[in-house]
Every structure is written in structure tokens, then in C-alpha cells.
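Asks: Quick one, structure for this:
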Amino acid sequence: MQIYKLLSALLDYPNQDLVEHLPELQEFVEQNQEIDQAEREALLGFLAHLQRVPATELQADYVKTFDMTAEHSLHLTHHLFGDDKNRGPALIDLGELYKDYGVEVVTNELPDYLPLVLEFAAYMDDNESTVFLSDAKKVLGVLKENLQKAESPYAALLSIVENRATLTKLAA
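Replies: Residues are numbered from 1 along each chain as shown. Reported below is the predicted structural model:
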């Protein structure tokens, strides 16, 4: 699903390439039929934020939000296990799932990094991707709530992911 690819890009570090492609991303959001009205409004609001704020400030905020605050970590297993020894097997299992689908991870990020998880979901068929994400629904909800408490603009993106994971559970 293309929306997961978009969310993956928006939740990743805001590099210059992202900033340069904001007009195309806005056009995509405005025209894509798989995005409902509430999601569209949230995404357009977030894109407007990215356009308003200088790139260096976006990058500093991203690091402060996700790298300096453990409660906002985009590494999903961190919210389940912290630094517990059980986190390793969960990461291995997720990496093996990627391999089972023929996906080769070419990043230095751990397999539970949310932008990577969303990138993977984008390559699955609709039912598989939503069921896959529904397994992380609780963690996504906690992360969304933490970001909302911090009044982070990224909370809107987590709401979209969490809502789509919830819809799957209701439809299943």
C-alpha cells in the first residue's frame, strides 16, 4: 500500500531529499484514493509543517524527539522489551520474516525501526500489511500517546498507522 511507503518516508530522518520532494508528496496525498479524508487532512497538515520549518530545525527536532527521548523511540521492540535479553530474539524473528518475503534490508537500522517496518508493509498485499501492522497496534498506540503528550507533529502520523492497524482487527 502506497500510504505505508509515504508514512515510512515521513517518519524517517528529514533529509534534504525529503524536503525537496514535498510538493510531489503533497500532490500524492491530495490525489490518492486510498487515503481517507481524515488521513488526508492529517498528512497535509504534517506536510505544511515540514514546508514551514527550516530543514536544520526539522532535523534537530527529529533527533530530540526520537533519538534523545526513549519514550518516543521508533524501534518498536524497545517499547516491549527495553534492553531486556528477549528483545534480541524478537529482532531476529522480524529480520527472518523480511527474508521470508525476499526483502533484503540495506540499512544500518534494526528491523523493528518503524520506517523500515512501514516500508516492508508497503510491499505486502493489503490484507497482509494490515494484519502485520495490527500485531504492533498496542506499541503504536503507546508511541502515539507519548508523542501526543509531547505535542509532537509526528503524533498525527502514528494515529494513521494505529487506526489502520485497528481497522484490520475489526475487519478480520
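Asks: Any buried residues in stretch 100-116, and which?
Replies: 103, 105, 110-116 (16 or more other Cβ atoms under 10 Å). In short, each C-beta sits where N, CA and C put it, glycine included.
Asks: could you give me the average pLDDT of that stretch?
Replies: For stretch 100-116, mean pLDDT is 90.
Asks: Go ahead and confirm residue 154 touches residue 11.
Replies: Yes: look at residue 154 against residue 11 with Cβ atoms under 8 Å: they come within range, at 6.8 Å.
Asks: Apart from its chain neighbours, what residue comes closest to residue 28?
Replies: Spatial nearest neighbour of residue 28, chain neighbours left out: residue 6 (6.7 Å); criterion: Cβ to Cβ, 6 or more residues apart in numbering.
Asks: I should have written residue 141 there, sorry.
Replies: Residue 141 sits nearest to residue 162 (Cβ to Cβ, 6+ apart), 5.4 Å away.
Asks: cool, residue 94 as well?
Replies: residue 111 (4.2 Å).
Asks: if we can go back for a sec, what separation is there between the residue nearest to residue 28 and residue 89?
Replies: Using Cβ to Cβ, to the nearest Å, residue 6 is found at 31 Å from residue 89.
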